[in-house]
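Undergrad: Attaching a predicted model along with its sequence, questions to come.
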2 protein chains.
Amino acid sequence: MSRTESSNTTRTLAEAQDRFIAAWGQMGSAWGISRTMAEAHALLYIVGEPLNTDDVMDRLQISRGNASMSLRALVEWGLVSREHKRGDRKEYFRAEADVWTMLRTIVRERIKREVDPVLASLYDIRDMTAPARVGDIPVECAQALTDHNDRLDSMVDTIDSLHKLAERFTEGDGKKLRQAAKALSKIV
Amino acid sequence: MSRTESSNTTRTLAEAQDRFIAAWGQMGSAWGISRTMAEAHALLYIVGEPLNTDDVMDRLQISRGNASMSLRALVEWGLVSREHKRGDRKEYFRAEADVWTMLRTIVRERIKREVDPVLASLYDIRDMTAPARVGDIPVECAQALTDHNDRLDSMVDTIDSLHKLAERFTEGDGKKLRQAAKALSKIV
DNA sequence: TTTTATTTTCAGAAAGTTCTGAAACCATTG
DNA sequence: CAATGGTTTCAGAACTTTCTGAAAATAAAA
């Protein structure tokens, strides 16, 4: 019998871990890092102790090349560190960062790559249409332009707020995140 | 000479709009809806008035099939509505939702699909390892297990906070978002 | 130095996603 | 009803991303 009303038919710890690894991998790929990379990080984080390339290959059922590349990428992102064991020529990898740091790292990168250009282009359009507000234009155009400007402004505001919010979060640590979540539940 | 120190070499409004559409499309695809779909929404939103399939095809340089599918998907997501014009047999599409609604819709969907499974699997693991806390186990294992549980707890906390935060945001409207962003800047 | 263990690299394979275009479909008009 | 204008569908094309596996590189051991 199930000890708790656990949502799935998970029997062993390893199975539960695998399910987590899979779910985290799924989420990682949704957030723009490759599934394998996210899975490798999840594995290293959940087992807690350093694993070598073969361990990762075996557990994740992936090729050597893929394991090598993914682990290297994780090291480059600063989410995993290399480690050596006495009397063992293999290289070991340890999850350096916690989940929040990983999330933060990814989100930061994303903001730079995706949100910034959107904001820049919005500011651009706003700059270009701004003079229309003061110039004397046919009456039938005036309303359309006002609408356009309003829409633009609301857009800029939204993206801007989101941007600032995300930046603020990614500055803090996990504790701050929880603190903020709590505070927000009272405000909003 | 440039009227403002606009970040790009944009000359006309149409160009600026195109740049925005492209940026928004980029971002959309990063958030899990197809680039074309995001571009179509951006186009409809920025022009403000309803466009027909051909307008969208022309402006976005896409095939009829693609336009039809993308627009239909937008309608299904509730982000765009169909509209008819008297004396015109063509069907028109109008951006119904503002940017915040679109973002919210996407984020909601994502949470359900990606964050929920992660949380579920975490709770699962926690449930399975919980009895180890009270059972009498070899001393050398105790520390490892405590570490494991700590790591797990911190993970659950982080994802949980994030989840709650996202849900809270997606409940409110754009005004609430801005309000929250402002409030948060004082707290965190 | 040669041998052996391990890691990295990268061309192409596999898988996944998005797009096209032509045919089928639907609705209105003559 | 047939013709016309418009929309949807979907098989396969094109493109993108990710993965493999074997060869090349590196490093330690003999």
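TA: Arrived safely. Residues are numbered from 1 along each chain as shown, chains lettered A, B, ... in the order given.
Undergrad: so what's residue A:125 up against?
TA: Going by C-beta atoms under 8 Å, 6 or more residues apart in numbering or on different chains, residue A:125 touches A:152, B:13, B:16, B:17, B:20, B:46. All C-beta spots, glycine's among them, are computed from the backbone N, C-alpha and C.
Undergrad: can I assume it sits in a strand?
TA: No. Read with DSSP: H, G, I helix; E, B strand; the rest coil, residue A:125 is helix and lies in no strand.
Undergrad: Distance-wise, check it relative to residue B:20.
TA: Applying C-beta to C-beta, to the nearest Å, the value for residue A:125 to residue B:20 is 6 Å.
Undergrad: shared neighbours of these two, which are they?
TA: Listed contacts common to residue A:125 and residue B:20 are residue B:46; contacts here mean C-beta under 8 Å, 6+ apart.
Undergrad: Check the closest residue in space to residue A:30 that isn't next to it in sequence and give its pLDDT.
TA: If the residues on either side of it in the chain are set aside, residue A:30 comes closest to residue B:114, at 4.8 Å by C-beta to C-beta, 6 or more residues apart in numbering or on different chains. For residue B:114, the pLDDT comes out at 82.
Undergrad: Check the secondary structure at residue B:114 for me.
TA: Assigned with three-state DSSP, residue B:114 falls in the helix class.
Undergrad: so it sits right up against residue A:26, yeah?
TA: Yes. Counting by C-beta atoms under 8 Å, residue B:114 touches residue A:26, with 5.9 Å between them.
Undergrad: Looking at stretch A:143-162 now, give me its mean pLDDT.
TA: Rounded mean pLDDT across stretch A:143-162 is 82.
Undergrad: Please state the offset of it from the chain centre?
TA: Averaging C-alpha positions (C-alpha atoms, centre = their mean, to the nearest Å) puts stretch A:143-162 27 Å from its chain's average.
Undergrad: One more: stretch A:82-92?
TA: Centre to centre, stretch against its chain (C-alpha atoms, centre = their mean), the figure for stretch A:82-92 is 30 Å.
Undergrad: which stretches of chain A form strands?
TA: For chain A, the strands defined by DSSP state E cover A:51-52, A:80-85, A:88-95.
Undergrad: Throw those strands into JSON lines and include mean pLDDT and distance to DNA strand C, thanks.
TA: JSON lines is the format used below for those (pLDDT from 0 to 100; distance: least, C-beta to the nearest atom of the strand, whole Å):
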{"stretch": "strand A:51-52", "mean pLDDT": "97", "distance to DNA strand C": "5"}
{"stretch": "strand A:80-85", "mean pLDDT": "94", "distance to DNA strand C": "8"}
{"stretch": "strand A:88-95", "mean pLDDT": "94", "distance to DNA strand C": "3"}
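Undergrad: Quick one: closest of those to DNA strand D.
TA: Closest to DNA strand D of the strands of chain A is strand A:88-95 (C-beta to the nearest atom of the strand; 5.5 Å).
Undergrad: so does the closest one get close to DNA strand D?
TA: Yes. Strand A:88-95 reaches DNA strand D (C-beta under 7 Å from any atom of the strand) through residue A:89.
Undergrad: helices or strands next to that strand in the packing?
TA: Applying 3 or more C-beta pairs under 8 Å, 6 or more residues apart in numbering or on different chains; DSSP states H and E, one finds that strand A:88-95 contacts helix A:35-47, strand A:51-52, helix A:53-60, helix A:64-76, strand A:80-85.
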